[in-house]
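S.K.: Sequence and predicted structure are below.
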Amino acid sequence: MNLQTVHSILLAISYSQAFQYTELAQYVDDHQEEYVEALRDWVAVESDSSNIFKRPELHRMMEMVAQKLREMGGTVELVDIGEQELPDGQTLALPKVVTAQFGSDPSKHTVCVYGHVDVQPAKLEDGWATNPYNLTDIKGNLYGRGASDNKAPVLIAIIRTSTAFMWLYFYISLPQTITDLPVNVKFLIEGMEETGSNGLDAFILAQNDTFFSDVDYIIISDCGWLSRRPALTYGTRGNCYFFAEVEGPKQDLHSGVYGGTVIEPMTDLIGILDTLISPSGKILIPGIREAVAPLSDEEWKMYQDVEFNLDHYKNETGVNQLMYNNKVDLLAHMWRYPTVSIHGIEGAFSDSGTKTVIPAKVTAKFSIRQVPDMDPAVVKKQVTDYLYSVFAKRKSPNSLKVTMVIGAKPWLADTQHPLYEAGKAAVQRVFNMDPDMIREGGTIPIARTFQDVTGKSIIMMPIGGFDDGMHSQNEKISRYNYIEGTKLFIAYLNEVAQIKSTSV
Ligand SMILES: C[C@H](N)C(=O)N[C@@H](Cc1c[nH]cn1)C(=O)O
C-alpha cells in the first residue's frame, strides 16, 4: 500500500466519523424512486383498522413492516397483543405490534420511533379522483390512502435507519465509506391507531422495564405542518368517541304505511344529537367547558407567532365562513378547546335514491376532542348522564344505549426540552428556516400513555403537508415532503446524538 492510499483511507475514516449530511442527502435524492416504490407497496394494502372484514389485510401489513425492517438490518419481533372485543361481544385478533432495534451501543442515546400503518376507510365512490390504494403521482403529489397518515413517515424513519446508509459511495478516491447511526434506534409500529390504539396501553405497561428500559426519547411523526413552513408539534388533543343507539320497531317499516303511527328512532336520535352543540360551536353538555384549562398569556403569544393565513385555510377547507375570524381564536379552537363532531349514523339510509323506510335501529357516532384538563372518564359520565336525561324528557317508548368506545387523553410537551432544540437545528439544516411551534387538533391516542407510563420525553416532528387531506378524499404526500422529510430525519437523529446525557 503506498502512502497516498494510506492517506486516502485515513481521510475516509475521519470523514466517516463526521456527520455526512450532504452525502446522505444526495443519497436520498438519488434513491428517490425506490422510496416512492416502497410507499406504493404499502399504500396498496387496505389496512383499514375500523373495518373488521379488512383485518386479514391489516395482519398482512404488519408482516410487510416486519419484513422491511428485517431487510434494512434490524432485529425484529412481531408481538401478539391479544384480542379486541367487538360491540356484539365477539372477539377478533388484534394486529401484532412490530418492534425492531438498530444498534445497542451504550455510549449512544437510544430513540424509539413510534408510528402506525393502519388507515381510515376510503372508497373510490367517496369522491376520490384516483384509486385510493394505487399510489398515483400527479404533478409531484403522491395520492393514496395512508400516504401521509402515516405510511410515508414510518417509511422515512425506516429508510434513514437502513444499513444501506452505512455503505455509501463516496466522492473521494475510495469506493465506499461507512457511516454509522448516530443513535441507537428502536421501532414500535402498530396497526390500530385510527381506532384508538387498542391493546397498546397494556403492551407499553408490560414492556416498560424491558423494551423501554434503555429508551431515552420517543419520536412520533404522525401529523402535518400548518402552512408551507416546517413545524414541530408540542401538543395533541385527545378524543372520546361515542355510540348512541336508539332502537324501536322490530324491523324497518314502510314510512307510508306506518309513518305517523310509531315514534321513529331516527327522530329521537336527531333530537338528542341536536342538544350536544349549539350552531355557534358552544358545547351544551354540562361540565365540559368548565373543565378546560384557561388560555395563558404565554400560549396566546405562541399562537401569535405561528405562520397561518385565514384566507388560505378557508380555501383549503372550501368554506366561505369560519367559526372565528382571527388567527389566535381559530388556532386555539383547533388545538386547545374541545369540540363535538358528529361522524355518521349507522342503520340510516345513505345510498343515492329515495328509499322510503323508517329505520328500526340507528346508531349515531360522535366524538369530543379532549384538551387539558379534561378527563375521559369524567367526560364519559357527563355525556351519558346528559343524553339519558335529554332522552327521558322526550318520553319516547324507544330505547337508548350510549357507549364510549375510545377514551384518549390529550398530550402536551415542554417546548424548552433539548429534543425541541435539536428539532429546530435539524429544520434549520434542511430547510434553512425556523420551524413553527404548533399543536395538533387530532389525536395520537398513545402519546399520553408513553408520557405517563415510560416517563420519557416525546417530540412530534411532522412530515406531512398542511394540505395532505388526511382522513379525507384524495389524501396525498408531496414528493417534496417525502424526500425532504427523509433528510429531516437524517439531520434530526444527528442533532439528538448531540444532546447532553443529563436531559431526560
Ligand atoms: C393525528 C393522527 N394522524 C390521527 O389522525 N389520529 C386519529 C386518531 C383517533 C382519534 N380517535 C380515533 N382515532 C384522529 O385524530 O382522528
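M.R.: Received, thanks.
S.K.: now the helices for the stretch 251-400 of the chain?
M.R.: 255-258, 265-273, 297-304, 310-317, 327-335, 376-393 (DSSP state H, counting those that start in this stretch).
S.K.: For the third one, buried residues please.
M.R.: I take that to be helix 297-304. Neighbour-count burial for helix 297-304 flags E299, M302, Y303 (criterion: 16 or more other C-beta atoms under 10 Å). C-beta coordinates here come from the backbone N, C-alpha and C atoms, glycine included.
S.K.: Need the three-state assignment for the residue in the stretch 151-300 of the chain positioned nearest to the ligand.
M.R.: At 3.8 Å from the ligand, N239 is the closest residue in the stretch 151-300 of the chain, using C-beta to the nearest ligand atom. On the three-state scheme (DSSP: H, G, I helix; E, B strand; the rest coil), N239 is labelled strand.
S.K.: That one pairs with what?
M.R.: R369, A408 (DSSP bridges).
S.K.: And for L188?
M.R.: Bridge pairing for L188 - DSSP bridges - gives T99, Y114.
S.K.: what does stretch 123-134 rub up against?
M.R.: 40, 43-46, 122, 136, 138, 143-145, 473-475 (C-beta atoms under 8 Å, 6 or more residues apart in numbering).
S.K.: Extract the CA atoms of that stretch and return them as PDB.
M.R.: Only the C-alpha atoms of stretch 123-134 are listed here, as PDB (Å, rounded to 0.1, in the frame of the first residue of the first chain):
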ATOM      1  CA  LYS A 123     -63.500   4.100  -1.400                       C
ATOM      2  CA  LEU A 124     -63.300   5.500  -4.900                       C
ATOM      3  CA  GLU A 125     -67.000   6.300  -4.700                       C
ATOM      4  CA  ASP A 126     -66.400   8.700  -1.700                       C
ATOM      5  CA  GLY A 127     -65.200  11.100  -4.400                       C
ATOM      6  CA  TRP A 128     -61.500  10.200  -4.900                       C
ATOM      7  CA  ALA A 129     -60.100  11.200  -8.200                       C
ATOM      8  CA  THR A 130     -57.900   8.100  -8.300                       C
ATOM      9  CA  ASN A 131     -58.000   4.600  -6.800                       C
ATOM     10  CA  PRO A 132     -57.100   5.200  -3.100                       C
ATOM     11  CA  TYR A 133     -55.000   2.000  -3.000                       C
ATOM     12  CA  ASN A 134     -52.900   2.700  -6.100                       C
END
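S.K.: Quick one: low-confidence residue ranges for the stretch 151-300 of the chain.
M.R.: Scanning the stretch 151-300 of the chain for pLDDT under 70 picks out 169-177.
S.K.: How about the residues of it by the ligand?
M.R.: E193, E194, G196, D222, C223, N239, Y241 (C-beta under 6 Å from any ligand atom).
S.K.: Separate out the buried members of those.
M.R.: Among those, the ones that count as buried (16+ other C-beta under 10 Å) are E193, E194, G196, D222, C223, N239, Y241.
S.K.: of all these, which two lie farthest apart?
M.R.: Across these, the longest distance by C-beta to C-beta is 18.8 Å; it joins C223 and Y241.
S.K.: I'd like the buried ones among the residues of the stretch 151-300 of the chain next to the ligand as JSON lines, with distance to T275 and secondary structure appended.
M.R.: Below are these laid out as JSON lines (distance: C-beta to C-beta, whole Å; DSSP: H, G, I helix; E, B strand; the rest coil):
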{"residue": "E193", "distance to T275": "31", "secondary structure": "helix"}
{"residue": "E194", "distance to T275": "28", "secondary structure": "helix"}
{"residue": "G196", "distance to T275": "25", "secondary structure": "coil"}
{"residue": "D222", "distance to T275": "33", "secondary structure": "coil"}
{"residue": "C223", "distance to T275": "32", "secondary structure": "coil"}
{"residue": "N239", "distance to T275": "20", "secondary structure": "strand"}
{"residue": "Y241", "distance to T275": "18", "secondary structure": "strand"}
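S.K.: any chance of those in a markdown table, with distance to D214 too?
M.R.: Below are these laid out as a markdown table (distance: C-beta to C-beta, whole Å):
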| residue | distance to D214 |
| --- | --- |
| E193 | 24 |
| E194 | 30 |
| G196 | 28 |
| D222 | 23 |
| C223 | 26 |
| N239 | 31 |
| Y241 | 34 |
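S.K.: what pairs with V79 across the strands?
M.R.: Beta-bridge pairing for V79 (DSSP bridges): V97.
S.K.: Can you give me the distance of the closest residue to the ligand within the chain to D468?
M.R.: Residue of the chain nearest the ligand, by C-beta to the nearest ligand atom: G442 (3.2 Å). Using C-beta to C-beta, to the nearest Å, G442 is found at 12 Å from D468.
S.K.: ok, those two, which is more surrounded?
M.R.: A direct count of neighbours by other C-beta atoms under 10 Å for G442 and D468 places D468 higher, at 24 against 19.
S.K.: so who does that one touch?
M.R.: Taking C-beta under 8 Å, 6+ apart as the test, what D468 contacts is A147, S148, D149, G224, E475, K476, I477, N481.
S.K.: Looks like K361 contacts G248 (just checking).
M.R.: Yes. Using C-beta atoms under 8 Å, K361 and G248 qualify as a contacting pair, with a distance of 7.4 Å.
S.K.: what do the two both touch?
M.R.: Common neighbours of K361 and G248 (C-beta under 8 Å, 6+ apart) are P265.
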